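Novice: Predicted model and sequence below, questions to follow.
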Amino acid sequence: MALYPKEWTTSGELLIDEPFRIGRIERSLETMTEYAPQRAMGTIDMHRGSRAFRYGIMPAMASLKDLERRIIRCTRCPRLTAYRQAIARTKVKRFATWDYWGKPVPGFGDPRARLLVVGLAPAAHGGNRTGRIFTGDRSGDWLYEALYRYGFANQPHSVHRNDGMRLKDCYITAAVRCAPPGNKPLKEEFDACRPYLREELQLLRRLRVVVALGKIAFDEYLKANRELGHNLPPERKPLFGHGIQVELPWGITLLGSYHPSQQNTFTGKLTRRMFHDVFARARALLDAVESHSTFD
Ligand code: SF4
């Protein structure tokens with residue numbers, strides 16, 4: 001029975017049209033991993049000569065897709081699982097007509113990203129409603145506006161999963177993937193979710209700059225790296241602060257920013273100017289090195 005997508009022949013060849021288009025490959029991989037995951041992974045070895053393989057896109061995309069599927073199904077944290085599902089059932093009045101996502105929210109963006117943005121967790125009526133990180137809430141309005149301004153996103157507004165948003169050279173993730181009560185995950189929930197961050201760090205091989213939104217994201221990023229064997233001597237462990245820039249010995253520049261939560265933006269602790277300055281710095285750092293990414 002022919003279970004394979006059109007682009008994938010029975011001999012195991014994935015036909016890649018020129019010009020190379022990321023969106024098409026993504027769709028092919030989705031179909032392949034759904035129907036025949038082992039063959040889909042084997043495809044990586046079969047295409048060592050392709051442009052996709054040479055640029056490191058295929059392995060990263062295949063594995064990020066696989067990771068995304070595992071995250072969406074995750075129920076490791078009983079408290080968070082119950083909470084996000086309850087919120088999805090009860091909703092709020094202004095979103096009463098929405099069909100809430102109600103599942104863990106995976107990372108989003110360009111598999112070849114050199115910039116990683118690490119947040120805390122999805123918002124109960126933001127990511128937990130729309131199914132995309134930082135989408136549909138005020139923090140997301142700030143973040144995507146800044147990403148657009150500095151050339152990392154193709155549009156400034158992020159409203160729902162199918163709004164056409166594309167990230168270029170940027171990937172967004174969070175320390176915890178399920179909306180927590182009171183925006184406060186427990187220590188054991190961070191610990192349970194950190195393996196997903198570690199996997200992303202391993203798969204996003206081109207990363208050069210990381211923006212941590214808030215102290216917790218900053219510390220979780222360093223913790224994930226420590227678990228990956230990137231250890232910093234105690235005297236060199238950086239302390240979080242807004243605008244801090246740290247050169248890490250594993251080739252990453254870590255930038256700290258206050259989280260664009262309403263608690264910070266409404267009180268003036270974080271202004272637009274302060275927030276944009278962080279992404280202007282990220283842009284300047286990345287512009288100093290070669291870039292190949294384009295929107296598909
Ligand atoms: S927070 Fe992370 S580890 Fe816990 S249930 Fe959600 S996805 Fe799974």
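Specialist: Thanks, I have it. Residues are numbered from 1 along each chain as shown.

Novice: Show me where the stretch 151-296 of the chain dips below the pLDDT cut-off.
Specialist: By pLDDT under 70, the low-scoring segments of the stretch 151-296 of the chain are 290-296.

Novice: again, only using 50
Specialist: Scanning the stretch 151-296 of the chain for pLDDT under 50 picks out the ranges 292-296.

Novice: Chain neighbours aside, what residue packs nearest to K237?
Specialist: L222 (7.2 Å; C-beta to C-beta, 6 or more residues apart in numbering). Using the backbone N, CA and C atoms, a C-beta is placed for each residue, glycine as well.

Novice: Around the ligand, which positions in the stretch 101-250 of the chain sit nearby?
Specialist: P104, V176, R177, C178, E189, A192, C193 (C-beta under 6 Å from any ligand atom).

Novice: ok so, going back, from what I see, the residue nearest to K237 and R236 are in contact.
Specialist: No - using C-beta atoms under 8 Å, L222 is not in contact with R236; the gap is 10.8 Å.

Novice: Tell me which of these two has more neighbours.
Specialist: Regarding L222 and R236, a neighbour count based on other C-beta atoms under 10 Å identifies L222 as having more, with 21 against 10.

Novice: mind listing what the more buried one touches?
Specialist: With contacts defined as C-beta atoms under 8 Å, 6 or more residues apart in numbering, L222 is in contact with L232, K237, P238, L254.

Novice: Please point out which parts of the helix or strand where it lies sit buried.
Specialist: For L222, the host element (DSSP states H and E) is helix 215-227. Neighbour counts over helix 215-227 (16 or more other C-beta atoms under 10 Å) mark K215, I216, A217, F218, D219, E220, Y221, L222, K223, A224, N225 as buried.

Novice: Next, find the distance separating the residue nearest to K237 from the ligand.
Specialist: As for L222, its distance to the ligand is 19 Å (criterion: C-beta to the nearest ligand atom, to the nearest Å).

Novice: And for H259?
Specialist: Plainly put, H259 is 18 Å away from the ligand if you go by C-beta to the nearest ligand atom.

Novice: Is that residue in contact with V118, as I believe?
Specialist: No - H259 is not in contact with V118 according to C-beta under 8 Å; the separation is 10.3 Å.

Novice: so what's in contact with the two at the same time?
Specialist: L213, A217.

Novice: how about the helices in the stretch 51-200 of the chain?
Specialist: 51-54, 57-73, 78-90, 127-130, 138-149, 187-203 (DSSP state H, counting those that start in this stretch).

Novice: Let me have these in JSON lines, adding mean neighbour count as columns.
Specialist: Formatted as JSON lines, those follow (neighbours: other C-beta atoms under 10 Å):
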{"stretch": "helix 51-54", "mean neighbour count": "16"}
{"stretch": "helix 57-73", "mean neighbour count": "18"}
{"stretch": "helix 78-90", "mean neighbour count": "16"}
{"stretch": "helix 127-130", "mean neighbour count": "27"}
{"stretch": "helix 138-149", "mean neighbour count": "22"}
{"stretch": "helix 187-203", "mean neighbour count": "18"}
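
Novice: Take the ones you listed and lay them out in CSV including distance to L285.
Specialist: Formatted as CSV, the helices of the stretch 51-200 of the chain follow (distance: least, C-beta to C-beta, whole Å):
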stretch, distance to L285
helix 51-54, 25
helix 57-73, 21
helix 78-90, 34
helix 127-130, 27
helix 138-149, 15
helix 187-203, 18
